[in-house]
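Student: Let's see this in three dimensions:
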Amino acid sequence: MMAVTTEGECPMIDTPTRRVVLGAGVFAAGSLLMADGSLAQAPLALTPECHDGDAATVPQTEGPFFKPSSPERTELFEEGMAGQPIELVGFVLSRACKPLAGALLDFWQADDKGRYDNSGFRLRGHQFSDAEGRYRLRSIVPGIYVGRTRHIHVKVQPRGGRVLTTQLYFPGEAQNRSDGLFRKDLQIRTAKNAGWLAGRFDFVLG
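Tutor: The predicted structure follows:
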């Protein structure tokens, strides 16, 4: 199992802006959900909509709840877990619009009540982008807590490269206006289907 290096060990490039890179829609080929409500493995479009020289994804603070050595898994959602289920998909890309295979993505988040598991690894896990630079995460929509809107933390590290630490946000949340860390260019693109929320976000690494 590979652990994410910390920002102190591998400093990030500070980029002030980012244009969110999205495909033609949240999903590329049909619904993520089957007729019986189970998730289908609908593939992402092989060519994301991006351009050479796109601004890199904006870094944000790690916050106080990161834990190294999370388990390798794409499924943070557990049977019976409270909260709105979400499947988040996307690409890890270079600024030249090249998909980055084998990039490490380490996700952590609060539960639906806004609580982090600091003793174990519930709602924590890392994975690697596939040969086309794609990732897929199944989890729940995190709850809010004092001072913060809904958000998912993530560290993204290409092979041999620097770590990007950032946070992803949800559109339409009332708390977005009062959260000083919220950024529109870090919003997930979402759509709802049969009770599941489908999300899309592409990471562009400098």
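
Student: centre of the chain versus the worst-scoring helix or strand of the chain on mean pLDDT, how much separation?
Tutor: Counting by mean pLDDT, DSSP states H and E, the weakest-scoring helix or strand in the chain turns out to be strand 189-193, with a mean of 86. With CA atoms, centre = their mean, to the nearest Å as the basis, strand 189-193 stands 15 Å off its chain's centre.

Student: Give the other helices and strands that it contacts.
Tutor: strand 196-200 (3 or more CB pairs under 8 Å, 6 or more residues apart in numbering; DSSP states H and E). C-beta: built from backbone N, CA, C; applies to glycine.

Student: Tell me the strands beside the strand it packs on, with direction?
Tutor: Strands that pair with strand 196-200, judged by DSSP bridges, come out as strand 85-94 (parallel), strand 189-193 (antiparallel).

Student: Hmm, residue 171 and residue 192 touching each other?
Tutor: No: Residue 192 lies out of contact with residue 171 (CB atoms under 8 Å); the separation is 11.9 Å.

Student: average pLDDT for stretch 69-88?
Tutor: What stretch 69-88 shows for mean pLDDT is 95.

Student: now do stretch 122-134
Tutor: On average, stretch 122-134 scores 97.

Student: Give me the residues contacting it.
Tutor: 1-2, 4, 44, 46, 67, 70-76, 78, 89-93, 98-111, 116-117, 135, 137, 139-140, 142 (CB atoms under 8 Å, 6 or more residues apart in numbering).
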